[in-house]
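1. generate coordinates for the sequence data below:
(2 chains)
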Amino acid sequence: MTTPWRKAVRDFWHERARTVLVVLAIALGISAFAAVMSSYAILTRELDRGYLATNPASAILRVDSIDDELIAAILKNREVEAAEPRRVVTGQMKSGPMRWRNLMLFVVKDYGDIRVSKLVHEHGAWPPATGEILIERDAFQVADAKIGDTVLVKTANGVERPLVISGSVHDVGQAQARMENIVYGYINLATLAQLGEKPYLDRLNLLVAENKFDEDHIRRVADDVKSLIEARSHNVWRIDVPAPGKHPHSELMGILLLAMSSFGLFVLVLSGILVVNLLTAMMASQVRQIGVMKAVGGTRWQIARIYFSQALFIGIAAVIVSLPLGLLGSRELCRYMAVFLNFDINSFAVPLWVYLLVAVVGIAAPVVAAAYPVWKGSGAPVRVAISDFGLTQTTFGSSGFDRLLARVGGAFRPLVFALRNSFRRRTRLVLTLVTLAAGGLFFLAALNVRASMINTLDRMFATRRFDLSVVLRENYDEDRVQRAISDTPGVRRAEAWLATDASLGRDEFTLIGLRADTQLLAPQITAGRNLLPSDSDAIVINTALAQRFSQMRVGQTVTLRIGSVESNWRVVGVARETFSPAIGYVSLPTLQQQTGPVVNSLRLALNQADEDSIETVKAEVERRLEQNGVRARGGSSKAETRFSYDQHMLMIYVFLIVMSAIVGGVGGLGLMTTMSLNVLERRREMGLLRAIGATPRMVWVLIVAEGVVIGLLSWIVAAVLAWPLSKLVGDMFVGMLFQAGLDFTFEWRGLVLWLLVSVGLSAMASFLPAWRASHATVREALAYE
Amino acid sequence: MISLHQVNKQYETPAGAFAALRNVDVQVRAGEFVGVVGKSGSGKSTLLNLIAGIDRPSSGMITVANTPIHTLPENKLAAWRGRHVGFVFQFFQLLPTLTAIENVMLPMDFCKTFPARERRRRALALLDRVGVGPHADKLPSTLSGGEQQRVAIARALANNPPLVVADEPTGNLDSITARGILDLFRELANQGTTVVIATHESDIVRVSDRKLQISDGVITTDSRA
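-> Numbers count the residues shown, from 1 in each chain, chains lettered A, B, ... in the order given. I've put the predicted structure just below:
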């Protein structure tokens, strides 16, 4: 090792406390980066691997009924690899005295030979015997039951049957049950018959033989199969083609990971700023040493190399610290995402490219950050360098701003001193403020986005003036339904609506028929107008529908296919429904001209909207309907629907808060570095203060006050920028995740909270340097060079 | 060895231009021991800096060891300095995180003047020569002022330069130690090294061959012993 190297190592060791701070800050940034990158590698691999292993259906056809003969005919088509019939029945489930839960029952004909959309058996029985039900592993919590329990199950026909939960399965392609607040159950055909349903299958899961990821090809094959089925005098109601080869949530996950990785880079940049601060200070304090080295023959590059190698040490140390941390973090992140998306991770193996990328980025970041201060510092002319008076030389007083500050007086002189001191190293101050303010901004943005999302949901739910909605099993005569529920105790107002599928071209959406004078829906109209009682062919579309079809604009007339009939509708308005699927609203009487005088769902406003009252009313409504021969398929209260929405949002809040905590942490470490540099450079000044009568306590207060001044300044910066930035982040996030805008609201409490945090953080960050400085003896401090 | 021809040096200060040296003409022979004497601010440090290639003249020509150093670019100048000039400072200026012997090896590492294996031995020999061999592995902060200055002189000699320049090398030492240091410089000159020392101590005439008296940037007296 040559002496320049030795110097690099020893200097590094000499300033070990501060070096450790900077290494920690950089390590925090690299850890975040490493965690996100390895999660990305693991999750994309495992999610698609797990999903593809189940042979997900290329297309799903809704048919009136499917028998073995039909399947055999379909399988003759060479382009079809597998075709399996299933049935999906909605119903309700109750365990013990608990209230009824929404249930989605999957009926499988032969559990021993599932080839498409495979289920993975987890625990207990397989296949389920007659009278038994398997539950999706994530749905046990919703069901509030365990294997071996007997639960009551009913479908829309109202027959209640006890079924035994005999085992659990993992249905990879289903959305998380907990988030949807629904129980997924798996039974056989005989059990379906026990539940009073006709034991037929109506859902055809199709797997194409080739070009499994080619959507056009899949649609072509599905159309062929449809023609074949129709040629055999069956009806095909609908064809669904899910995005081929993609887990239904993989796009969502990709967006989240993208957001996280850009955040990881951001933290890395912030920690790079610390390196700039540290090395600028170090170069300043070493001016004379640089001069001496030049005087004895060192060239600029030879000297710069010494300091670059120190930046290199920082990078290597940070990478060593952060790799295990990052991998640990990625495991947690993967586990969290795996639970959220309900899939299994078989291997946490991180590919080599992630290690290399993290190492390269981690080592390069501090070196790049060091480039400017090192090159500038090593360029000082020898004469200037060796005649430098040392550390206390600053040019405070040379600018107009300084003189302005000098005019800021006050009764408490030490505080004035602290205020002016924080402005002495202006570049350093700015860089410190950037990191601290970034932490504040993220924190405020996290709170604001959360508040805005709640506000958006509040507004959306405010348009729904009903407390309970009940879905009927099929279309029933409107008069009969109205008669059945009239005068139900606890119901303030009841309306019967008709929901039906409509299609524009190939794409389907939901059409809801309601009376124009409805009092249970008050849509927020953003363009055009709401439905009027005099309207006949008018349609009001919601935001999702307007976004899906560009030809649906106010004033345009569109041709919709409802059932087998085509009809023209005039778009009169757009209703804002942020997180809702695509829906069009039309006048019920007009819709009934095509369907007959029928309805299939109820909206009820109740006198009391607490959980118990809703349950009571729901049971009473179902009883009365049944008395009149009307069967309900299920019902959900507004609160339940809201709960499900809130679950979806929770993840975003958690993510934002974690981000702001990390950025805040980097900011805190940055401030600590800054304060220790500020104090170090003014050791002599501190000695002087002590010499003219300041107590150690006074010195201590002074330095902490200086830190607090910086904290306050960062708070001001964050507070000013919080509004626009929060709005931007919120719109971006919600736009990416839900294709919807946000009703922005500013969380004022966040400002107060961050004020406390930033002042507390800066006081804490300056505590240690202050304590050390105040305990140096006067002689030590004055002798310091 | 050293030739200054019509050398001027001006500094730009907020109060206007300040002439540190005016029309200086000096010739120094190889092996000569020159003492530059003058009051603080008279221009003696500027003169030394120019000779050592640490600063550049505003006008005029400087040739040292046959090299016109006023024409060299900054990086070439650094390398030239390392090989041809040993500089000794008033405040010793040892690098605090390097031991005595490492401070001496540093110029050799920078200029790659001796094979890497020989550097340590040579550094130790130099430390022995200036009388601080036993302190080779100590950090500067544990040495006395006189010992530090001896290490600094050893460092100045590291690359075996034909010229040693010292700016007030005894200014920070007690008189007995200062005397020892000056004797050391005398010894160097006796062995053929050209030595130029700036000082305001009259004691210099005891050891030097020649005295240059400088005042307000002009050489007023040039006397030989």
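2. which parts of chain A belong to which domain?
-> Per automatic domain parsing, the domain ranges recorded for chain A read A:59-240, A:391-463+A:642-785, A:464-641.
3. of all these, which one is nearest chain B?
-> Chain B lies closest to domain A:391-463+A:642-785 among these, at 9.2 Å (CB to the nearest CB). The C-beta positions use only the backbone N, C-alpha and C, and glycine is treated the same way.
4. before we move on, which element is the residue nearest to A:Gly377 when sequence neighbours are not counted in?
-> In this structure, A:Gly377 finds its nearest non-sequential neighbour in A:Met283, 2.8 Å apart by CB to CB, 6 or more residues apart in numbering or on different chains. Using DSSP states H and E, A:Met283 sits within helix A:250-285.
5. quick revisit: can you put the domains of chain A in CSV and add distance to A:Gly264?
-> Below are these laid out as CSV (distance: least, CB to CB, whole Å):
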stretch, distance to A:Gly264
domain A:59-240, 25
domain A:391-463+A:642-785, 9
domain A:464-641, 28
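6. show me what the helix holding A:Met283 is packed up against.
-> Contacts defined by 3 or more CB pairs under 8 Å, 6 or more residues apart in numbering or on different chains; DSSP states H and E place helix A:250-285 against helix A:16-53, helix A:300-341, helix A:352-377, helix A:426-462, helix A:638-681, helix A:696-738.
7. rank those by pLDDT, which is bottom?
-> Within the helices and strands packed on helix A:250-285, confidence is poorest for helix A:638-681, with a mean of 78 (mean pLDDT).
8. quick one: A:Pro597 from A:Ser534, how far?
-> A:Pro597 sits 20 Å away from A:Ser534, going by CB to CB, to the nearest Å.
9. who has more neighbours, those two?
-> Counted by other CB atoms under 10 Å in any protein chain shown, A:Pro597 and A:Ser534 do not tie: A:Pro597 has more neighbours, with 15 against 8.
10. count of neighbours near the residue lying closest to B:His70 once chain neighbours are set aside?
-> Nearest residue to B:His70, sequence neighbours excluded (CB to CB, 6+ apart): B:Ile62, at 5.0 Å. A total of 21 residues lie near B:Ile62 under the criterion other CB under 10 Å.
11. now swap in A:Glu69 and tell me
-> 9.
12. where's the one residue in chain A that gets nearest to chain B, which helix or strand?
-> With CB to the nearest CB, the shortest gap between chain A and chain B falls at A:Gly297, namely 1.7 Å. Under the criterion of DSSP H and E, A:Gly297 resides outside all helices and strands.
13. now it: closest residue in space that isn't a chain neighbour?
-> Spatial nearest neighbour of A:Gly297, excluding adjacent residues (CB to CB, 6+ apart): B:Gly82 at 1.7 Å.
14. so how far is A:Ala364 from the one you found?
-> 31 Å.
15. tell me which of those two has more neighbours.
-> B:Gly82 (29 against 14).
16. still on that earlier bit, distance to chain B for the domains of chain A - can I get that in CSV?
-> Output for the domains of chain A, formatted as CSV (distance: least, CB to the nearest CB, whole Å):
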stretch, distance to chain B
domain A:59-240, 58
domain A:391-463+A:642-785, 9
domain A:464-641, 62
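17. which one of the ones you listed has the lowest average pLDDT?
-> Mean pLDDT values for the domains of chain A show the minimum at domain A:391-463+A:642-785, a mean of 77.
18. what's across from A:Val571 in the sheet?
-> A:Ile539 (DSSP bridges).
19. wait, isn't it in contact with A:Met552?
-> Yes - A:Val571 sits in contact with A:Met552 when judged by CB atoms under 8 Å, with a separation of 5.4 Å.
20. residue 168: how many residues sit nearby?
-> This is for chain A. Other residues within reach of A:Ser168, judged by other CB under 10 Å, total 22.
21. to clarify, I was referring to chain B.
-> 20.
22. gap between it and chain A?
-> 12 Å (CB to the nearest CB, to the nearest Å).
23. OK, contacts around that residue?
-> Going by CB atoms under 8 Å, 6 or more residues apart in numbering or on different chains, B:Glu168 touches B:Ser45, B:Gln90, B:Ala198, B:Thr199, B:His200.
24. for the helix holding A:Met283, buried residues please.
-> Using 16 or more other CB atoms under 10 Å in any protein chain shown as the test for burial, helix A:250-285 gives A:250, A:252-254, A:256-257, A:259-261, A:263-285.
25. which ones are touching the residue nearest to A:Ala311 when sequence neighbours are not counted?
-> Using CB to CB, 6+ apart and skipping the chain neighbours, the partner closest in space to A:Ala311 is A:Ala370 (3.6 Å). With contact set as CB under 8 Å, 6+ apart, A:Ala370 has these partners: A:Val275, A:Val276, A:Leu279, A:Tyr307, A:Phe308, A:Gln310, A:Ala311.
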